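[1] Sharing a sequence plus its predicted fold:
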Amino acid sequence: MLESYLARTTGAGPHRDPPSAEIRSEPALSEATAQIVFDVGARIRELVNRHANMVVAGRGVDVTRVTVRWILIAGVLLAAVVATPAMASSGQQACVGAPIDQPAGSYNETRQFVDFQSWWKTTPGKAGTDFGHVHVGACIPEREQMVGATIPLDVRLVLHDNPAKKTNQYPGLSIVVKGKSQETTIAKQNYPGWTCPVGTCTKWFHYDLPQSAFDDSGLQEIRFRFFVDEPDGSRMIASANWQTYINNGKAEGDVTRQPYLRAKGWYSGAGYCEASFRSALPDGPVPAIWSATVAQVWHGTSADLPVSGFDNRFDADNHAAIAGTVLNVGSGPFGPAALNVPAGSLLAGTHKLNMRADCADPRGSTNSGVLVLPFRVAGG
């Protein structure tokens, strides 16, 4: 069992570390048949594209064998769904866009799996370092009304092509609660020695966040910060900001500073580079032309490099070399402005909106903040 501990702060005082808390994983519950068909179908397409590219590159891969394997997996999953009644009790909902390995099958309120990413990549034509990606994501109850003593969170951490330096502290996750006059680190989880120089490596962390941790009720903010030290002594941070409605019996005091979804990539000497989603996450299917407000703009401090480029598209998967469909791409900052997604032309099911802000560094690399969120298209 990996080390898990809580760290509470009060004002500017020192951290106080209670005894270790056991990590708990919820048993997975069955999801809707249509969602599994869509997700597994997307996985098959992803693997075929990936291995077809490997064949073209001269690397012998049996595409048919890989495809058949995933079709068999799809059959097993579908059989389980047909044979097993749904385990979610009344009022529980499956998380929209959740990964197949999501630990919890359902939650008591509407949730979407949102991924917040930090990239440090060599700038095309330059000779800077490349330390891949760092992701932190979760099924978040964005702007939902919270009930009960705790908010169950299942946080996914990803290293992609990242040769993280093996230290006694990092990689590590911090969960922070933020209010109008509060910023408190409420939980930490460290993975000393974890590294992933090639490919994609994933870990999950479960935490029951007490509503009592917030100083106020009303709209409050939760932040995830995933710290990774790199071999050259630099540090990468994937930072997630999101909001929800807290009901803890305390006086109401809404958070007002930039209360929207923010994905911030941070790198030593480069500061933050941010992609943000300024609309509410859609709980139901989106209209034929879905208009959402997004921004890839300067974070606002002298320590942050200016935004050198933006990239907005849907159904991209950079790990699988799937480009997706471009909505708009350009140099410099973008927005805040409306982004029109032609949802009416898409197949029914769950799709993903990918937003990236690039901040070119004079050292020859680019720091990026990437935000990926799901949206649903209704059947015809």
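    Great, that's in hand.

[2] Would you mind writing the CA trace of the helix or strand where Thr244 lies as PDB?
    Applying DSSP states H and E as the criterion places Thr244 in strand 235-246. Backbone C-alpha positions of strand 235-246 (Å, rounded to 0.1, in the frame of the first residue of the first chain) are rendered in PDB as follows:
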ATOM      1  CA  ARG A 235       9.800  20.700 -12.100                       C
ATOM      2  CA  MET A 236       6.600  20.200 -14.000                       C
ATOM      3  CA  ILE A 237       3.100  20.800 -12.400                       C
ATOM      4  CA  ALA A 238      -0.300  19.900 -13.900                       C
ATOM      5  CA  SER A 239      -2.800  22.100 -12.100                       C
ATOM      6  CA  ALA A 240      -6.600  21.800 -12.100                       C
ATOM      7  CA  ASN A 241      -9.100  24.400 -10.900                       C
ATOM      8  CA  TRP A 242     -12.800  23.600 -10.700                       C
ATOM      9  CA  GLN A 243     -15.800  24.600  -8.700                       C
ATOM     10  CA  THR A 244     -18.800  23.100  -6.900                       C
ATOM     11  CA  TYR A 245     -21.500  24.100  -4.500                       C
ATOM     12  CA  ILE A 246     -20.700  23.300  -0.800                       C
END
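
[3] So which elements touch that strand?
    strand 112-122, strand 132-140, strand 218-229, strand 261-267 (3 or more CB pairs under 8 Å, 6 or more residues apart in numbering; DSSP states H and E). For glycine as for every other residue, the C-beta is placed from the backbone atoms N, C-alpha and C.

[4] how far does the third one sit from the chain's center?
    On the basis of CA atoms, centre = their mean, to the nearest Å, strand 218-229 is displaced by 11 Å from the centre of the chain it belongs to.

[5] quick one, it and strand 261-267 angle?
    20 degrees (axes from the mean of the first three to the mean of the last three CA atoms, to 10 degrees).

[6] Can you give me the neighbour number for Ser268?
    15 (other CB atoms under 10 Å).

[7] before we move on, the earlier item: so which of the helices and strands packed on strand 235-246 gets nearest Asp283?
    Proximity to Asp283 (CB to CB) singles out strand 112-122 among the helices and strands packed on strand 235-246, at 8.2 Å.

[8] so that closest one versus strand 261-267, what angle?
    Going by the same axes, to 10 degrees, strand 112-122 makes 30 degrees with strand 261-267.

[9] Okay, buried residues for strand 112-122 please.
    Within strand 112-122, the residues scored as buried using 16 or more other CB atoms under 10 Å are 112-121.

[10] could the residues you listed go into JSON lines alongside pLDDT?
    Listed next are those as JSON lines, based on pLDDT from 0 to 100:
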{"residue": "Gln112", "pLDDT": "97"}
{"residue": "Phe113", "pLDDT": "98"}
{"residue": "Val114", "pLDDT": "98"}
{"residue": "Asp115", "pLDDT": "98"}
{"residue": "Phe116", "pLDDT": "98"}
{"residue": "Gln117", "pLDDT": "98"}
{"residue": "Ser118", "pLDDT": "98"}
{"residue": "Trp119", "pLDDT": "98"}
{"residue": "Trp120", "pLDDT": "98"}
{"residue": "Lys121", "pLDDT": "98"}
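
[11] of the residues you listed, closest to Ser276?
    Using CB to CB, Phe116 comes nearest to Ser276 of these, at 10.6 Å.

[12] Test my guess that Pro163 contacts Cys201.
    No: Pro163 is not in contact with Cys201 according to CB atoms under 8 Å; the separation is 11.2 Å.

[13] Output the longest strand belonging to the protein.
    The residue-count maximum for a strand in the chain (DSSP state E) belongs to strand 196-210.

[14] Spatially central, which residue of the protein would that be?
    Most central in the chain under CA atoms, centre = their mean is Asp115, positioned 1.4 Å from the mean C-alpha point.

[15] Based on its surroundings, how many neighbours for the closest residue to that residue other than its chain neighbours?
    Distances taken as CB to CB, 6 or more residues apart in numbering place Gly137 nearest to Asp115, at 3.7 Å, with adjacent residues excluded. Neighbour count of Gly137, defined by other CB under 10 Å: 25.

[16] list the contacts for Gly137?
    113-116, 155-156, 158, 240, 372 (CB atoms under 8 Å, 6 or more residues apart in numbering).
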